[in-house]
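*Asks:* mind folding the following:
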Amino acid sequence: MTNAPVPRSRLRGLDGIRFLAAAAVVGYHYTGIATHYWGTAPHNVFPTLNQITRYGYLGVELFFMISGFVILMTAYARPIERFTASRVARLFPAYWAAVVITVVLQIFWDGGRNLSAPDILLNLTMTQEAFDVTNVQGAFWTLWPELKFYLLIGVFILVGITRRRIIALAVLWPLIAQLAKATDSGMLMSLLMPAYAPYFALGMLLFLLYRDGNDAVVWLAAGYAWVFCLWRATEAAEHKSDLAEVYTSPVVVGLIVTAAAVSIWLVSSGPLRSLDWRPLTILGALTYPLYLVHGQFGFAVIDTLHERLPAYVVLALAIGVSLLIAVALHYLVERRWHDRLRDAVARGLRPAPTTDASRA
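*Replies:* Numbering: from 1, shown residues only. Just a heads-up that it's a prediction; the model follows:
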C-alpha cells in the first residue's frame, strides 16, 4: 500500500458531492420524471432542461455510494453503541419533523398523500416500507435500504471490521444478492438488496483506498463492484424511460455512474483530496433535510402556481421553498437535537456497571 492520504475528520469535497446528488434528485422530481403537477409531462414544459434532469434519479445511486464510504468510515474502530447512537441522531430528528410538517401540509393541499393515522405513525418509525405502507414523502423509500445497510454494518462491527473482511464483503455481497434474486429467495433479496448492493460495496472499497492508499487487490475489487453497478444501472434504464416518458440512454447512464464513482475518489484519495472549502460543509449539512422535504412541498408549489406564473418562475419558487424549509430543519431541529439524542441513546446502550451484588 502506497500514497495513503492523511485521513481527515471531514471531507468537504464529499459534502459538495452529496449536495449535488440531492440537487440532481430535486431536478429529477420537478422536471424529469413524468408527474401530473405541471398539468402535462415535464418534458413538454422543459424540453431542454429535461434532457439533463431525466437522469437525476442517479443521484440516489450516488447517495448509496457515499453511504458505503461514509458509514464504513463512521463505523471503523467504533463500538456498536457509539455507531448506533450516531446513526439514530443523524437520521431521526429531521425525519420526524419532516413527517409532521408534511402531514400538516397535506391537510391543506388536496394533491398530497392522504394517509391514515396508523400509517402516519408507522412512518415515524422509518420502517413503513417493510409493511408496504405509503411513504409520507415519496423520497422516503431510500431510507429503508439505508437502514438495512446500517444493520449490516452493525453486524459487521460486532463480528469485527478488518480490511480483509471489508474486501470479502464488498466482493461477495452483490454476487450473493444477485443469486438470491435469480433463485427468487424473497427474504434474502429483501435483506441483501440486489439492486443497490453494488453501490454500497463500491463506496466501501473507495473508503479503503482513502484509508490505506493504493492497493492492487482493492482496485481489482472496486473494478468488480463498478461492473456490477454499470450492469444494474443500465438494466434499469428502460424502466426509467417509462417513468420519464422519454428515452433514457443506457450509455449516458453508464457514464454518469462511472463519473459518480470517480468523483468520490477524486475528493477522497485523488487530486482534490485537499479541497477544504467551508461552504461545501454547509451545503452538505442541508442535503438530508432538503432530500426529506423537497417532494411534497415542491409539488404543492408547482400544483398551485403552474397555471398562474411562468414555468421557470414556478420551478424557482419550488426550489426556494424547499431550501428554506431545509434550512429551518437544519438549524431549528438538527442543530438543537442531534447531540442530545446521540448522547441519550449512547447512555441507554452503555453496558450497566457490574456491582458486587450482581457478581455474587
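
*Asks:* tell me the pLDDT of Ile101.
*Replies:* Per-residue confidence at Ile101 stands at 98 (pLDDT).

*Asks:* Ala97 touches Tyr331, doesn't it?
*Replies:* No - with contact defined as CB atoms under 8 Å, Ala97 does not count as touching Tyr331 (11.7 Å). Just so you know, the C-beta spots here come from the backbone N, C-alpha and C atoms, and that holds for glycine as well.

*Asks:* so if I had to pick from those two, which one is more boxed in?
*Replies:* When neighbours are counted by other CB atoms under 10 Å, Ala97 comes out ahead of the other of Ala97 and Tyr331, with 20 against 13.

*Asks:* in terms of helices and strands, where is that one?
*Replies:* Using DSSP states H and E, Ala97 sits in helix 80-108.

*Asks:* not counting its neighbours along the chain, what's nearest Ala222?
*Replies:* In this structure, Ala222 finds its nearest non-sequential neighbour in Leu205, 4.2 Å apart by CB to CB, 6 or more residues apart in numbering.

*Asks:* so that neighbour versus Pro118, what's the distance?
*Replies:* Distance, Leu205 to Pro118, using CB to CB, to the nearest Å: 41 Å.

*Asks:* could you check which of the two is surrounded by more residues?
*Replies:* When neighbours are counted by other CB under 10 Å, Leu205 and Pro118 differ, and Leu205 comes out ahead with 31 against 10.

*Asks:* I'd like the distance between the more buried one and Cys229.
*Replies:* Distance of Leu205 to Cys229, given as CB to CB: 11 Å.

*Asks:* over to Leu152?
*Replies:* As judged by CB to CB, Leu152 and Cys229 stand 18 Å apart.

*Asks:* in terms of neighbours, single out the busier of these two.
*Replies:* Regarding Leu152 and Cys229, a neighbour count based on other CB under 10 Å identifies Cys229 as having more, with 25 against 18.

*Asks:* in stretch 120-138, which residues are buried?
*Replies:* Buried positions in stretch 120-138, judged by neighbour count with 16 or more other CB atoms under 10 Å: 120, 122-123, 126, 128-129, 133-138.

*Asks:* could those be laid out in CSV, adding secondary structure?
*Replies:* Converted to CSV, the buried residues of stretch 120-138 look like this (DSSP: H, G, I helix; E, B strand; the rest coil):
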residue, secondary structure
Ile120, helix
Leu122, helix
Asn123, helix
Met126, coil
Gln128, helix
Glu129, helix
Val133, coil
Thr134, coil
Asn135, coil
Val136, coil
Gln137, coil
Gly138, helix
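
*Asks:* which pair in these spans the largest distance?
*Replies:* Maximum pairwise distance in the buried residues of stretch 120-138, criterion CB to CB, is 16.1 Å, between Leu122 and Gly138.

*Asks:* residue ranges with poor pLDDT in the stretch 151-300 of the chain?
*Replies:* Within the stretch 151-300 of the chain, no stretch falls below the threshold (pLDDT under 70).

*Asks:* helices of that one, start to end?
*Replies:* Shown for the stretch 151-300 of the chain, the helices assigned by DSSP state H, counting those that start in this stretch span residues 163-182, 186-192, 197-212, 216-235, 237-244, 250-268, 278-305.

*Asks:* the last one vs helix 250-268, what angle?
*Replies:* Interaxial angle of helix 278-305 relative to helix 250-268 (axes from the mean of the first three to the mean of the last three CA atoms, to 10 degrees): 140 degrees.
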